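[1] Predicted model follows, preceded by the sequence.
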Amino acid sequence: MNKTIILNKRPIGRPEHLDFKVLDKNIPEITKDEMLLKLKFVSEDPYLRGRMSDSESYVASFKLNEPIFSGCIAEVIASNKDSFKKGDFVFGYMDWKEYQTSEGNGLLKVDASIAPLSAYLGILGMTGLTAYFGLTEIGVPQKGETIVVSGAAGAVGSIVGQIGKILGCHVVGIAGTDEKVALLKSKFGFDDAINYNTSTNIKEDLSAVCPNGVDIYFDNVGGKISDGVYANINQFGRIIVCGSISVYNETSVPTGPRVEPFLIKKSALMQGFIVGNYVKKFPVGSKQLSEWLKDGKLTYSETIVEGFDSIPQAFIDLFDGKNKGKMIIKI
């Protein structure tokens with residue numbers, strides 16, 4: 001049978017298992033211009049929470065009673081297409097189905113001899129490109145500047161910090177456990193890090209580890225953590241808004257310090273983005289990330305959970321910070 005995960009109901013607040021349903025369907029047969037794909041790895045990403053709501057966003061909402069989809073790696077099991085052959089591995093946005101057919105549109109071949117297949121969902125995929133373009137295009141880091149990264153032990157944040165160090169910056173991370181703080185410094189080369197769960201005053205703790213203030217803030221979290229960073233922003237600082245996982249499950253609009261006074265007082269820039277803004281530059285970013293990885297200048301962490309049925313729980317676990325680096329399901 002062919003297991004499929006559909007959106008059973010729209011989450012209210014934090015997602016729960018009842019929001020998903022696993023169905024058994026027949027394995028489809030391919031037609032003249034199709035190929036049959038078998039999922040190997042599934043990307044779990046916080047932004048998918050927004051697509052589960054029926055609200056306007058930069059991408060369309062998932063439809064009820066239809067499969068959820070995300071970035072995936074699949075193996076070609078059978079093919080009637082000249083451009084893909086049996087045994088090829090491909091990356092693309094695919095349904096959460098064990099097996100599915102495709103005409104190949106939007107799929108890219110990936111090479112398991114260059115890097116592990118899961119890396120194409122992380123450091124060599126949209127995750128790495130998000131970190132690279134957000135930091136370099138909006139942050140425009142200069143040697144000697146100070147970068148602060150929230151969600152620093154996550155998939156994007158850990159790469160942002162490493163790129164910052166490659167470019168000669170002082171990098172400070174914010175994470176949720178002492179274990180993650182230690183990992184940021186030992187594995188990813190951050191100069192310092194703060195545990196927001198044990199900090200009694202983010203603003204003061206940041207001041208201590210950022211004596212020259214904050215030039216660039218790469219924000220993956222939002223909320224109270226970001227409020228503490230704003231107070232340390234330097235003149236002409238740049239605030240890069242990549243995500244706001246701290247408020248994704250809120251059922252009402254949270255109120256916090258107003259950001260405008262900080263922006264005016266410091267002549268600071270605050271800009272949100274999605275990685276698709278830079279699609280024309282993807283080849284440049286991919287080439288640079290691949291070179292840094294090959295040269296040993298970049299490393300990465302993955303939290304790999306096994307089994308198709310584990311997909312819903314692993315997604316829920318993202319909101320409890322149970323992942324170190326990229327959260328990936330191995331089928």
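    Received, thanks.
[2] going forward, measure contacts and count neighbours with C-alpha atoms only.
    Fine.
[3] ok, Ile194 touching Val181?
    Yes: with contact defined as CA atoms under 8 Å, Ile194 counts as touching Val181 (6.5 Å).
[4] what touches both of the two?
    Gly173, Ile174, Ala175 (CA atoms under 8 Å, 6 or more residues apart in numbering).
[5] Which of these sits closest to Pro211?
    Within these, the smallest distance to Pro211 is 14.6 Å, found for Gly173 (CA to CA).
[6] In whichever strand or helix holds Lys109, which residues are buried?
    Per DSSP states H and E: Lys109 is located in strand 108-110. By neighbour count on 16 or more other CA atoms under 10 Å, the buried set for strand 108-110 is Lys109, Val110.
[7] again, but for stretch 280-300
    Buried residues in stretch 280-300, counting neighbours by 16+ other CA under 10 Å, are found at Phe282, Gly285, Ser286, Leu289, Ser290, Leu293, Leu298, Tyr300.
[8] Double-check the first one against Gly128; I have them as touching.
    Read it as Phe282. No: in this structure Phe282 lies outside contact range of Gly128 using CA under 8 Å: 10.5 Å.
[9] count of neighbours near Lys21?
    The number of residues packed near Lys21 is 16, by other CA atoms under 10 Å.
[10] same question, the one 4 residues further on
    By the measure other CA under 10 Å, the count of residues near Lys25 is 13.
[11] Number of residues surrounding the nearest residue in space to Leu48 that is not next to it in sequence?
    Spatial nearest neighbour of Leu48, chain neighbours left out: Ser70 (7.8 Å); criterion: CA to CA, 6 or more residues apart in numbering. Neighbourhood size, Ser70 [other CA under 10 Å]: 15.
[12] just checking, Ser70 touches Tyr93?
    Yes: the pair Ser70 and Tyr93 passes the contact test of CA under 8 Å, sitting 5.1 Å apart.
[13] how about the helices in the chain?
    Per DSSP state H, the chain carries helices over the ranges 48-51, 126-133, 155-166, 178-186, 202-209, 223-230, 260-266, 282-294, 311-318.
[14] Need these in TSV (columns: distance to Asp111).
    Shown next, in TSV, are the helices of the chain (distance: least, CA to CA, whole Å):
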stretch	distance to Asp111
helix 48-51	26
helix 126-133	16
helix 155-166	21
helix 178-186	29
helix 202-209	41
helix 223-230	39
helix 260-266	45
helix 282-294	12
helix 311-318	25
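[15] which one of these is the most hemmed in?
    helix 155-166 (a mean of 26; mean count of other CA atoms under 10 Å).
[16] got a list of contacts for it?
    122-123, 127-128, 130-132, 135, 141, 147, 149-152, 170-173, 184, 188-190, 218, 220, 297-302, 324-327.
[17] so what's the nearest residue to Thr177 once chain neighbours are set aside scoring on pLDDT?
    The shortest distance from Thr177 to any non-neighbouring residue, by CA to CA, 6+ apart, is to Asn195 (5.6 Å). The confidence metric pLDDT takes the value 97 at Asn195.
[18] likewise Tyr248?
    Looking at Tyr248, its pLDDT is 61.
[19] what lines up beside the strand holding Lys109 in the sheet?
    The pairing partners recorded for strand 108-110 under DSSP bridges are strand 89-95 (antiparallel).
[20] If you count neighbours, what's buried in the strand it pairs with?
    So strand 89-95, judged by 16+ other CA under 10 Å, has buried residues Phe89, Val90, Phe91, Gly92, Met94, Asp95.
[21] residue ranges with poor pLDDT in the protein?
    For the chain, applying pLDDT under 70 flags the ranges 245-254.
[22] show me the residues around Lys63 that make contact.
    With CA under 8 Å, 6+ apart, Lys63 has these contacts: Leu7, Met52.
[23] what does Ile194 give?
    Ile194 touches Val172, Gly173, Ile174, Ala175, Val181, Asp205, Leu206, counting by CA under 8 Å, 6+ apart.
[24] give me that answer again for 7 Å
    Gly173, Ile174, Ala175, Val181 (CA atoms under 7 Å, 6 or more residues apart in numbering).
[25] And Glu44, by the same measure?
    Residues near Glu44 by CA under 7 Å, 6+ apart: Phe315, Met327, Ile328.
[26] ok, for the first one, nearest residue in space, not its chain neighbours?
    Using CA to CA, 6+ apart and skipping the chain neighbours, the partner closest in space to Phe315 is Glu44 (5.9 Å).
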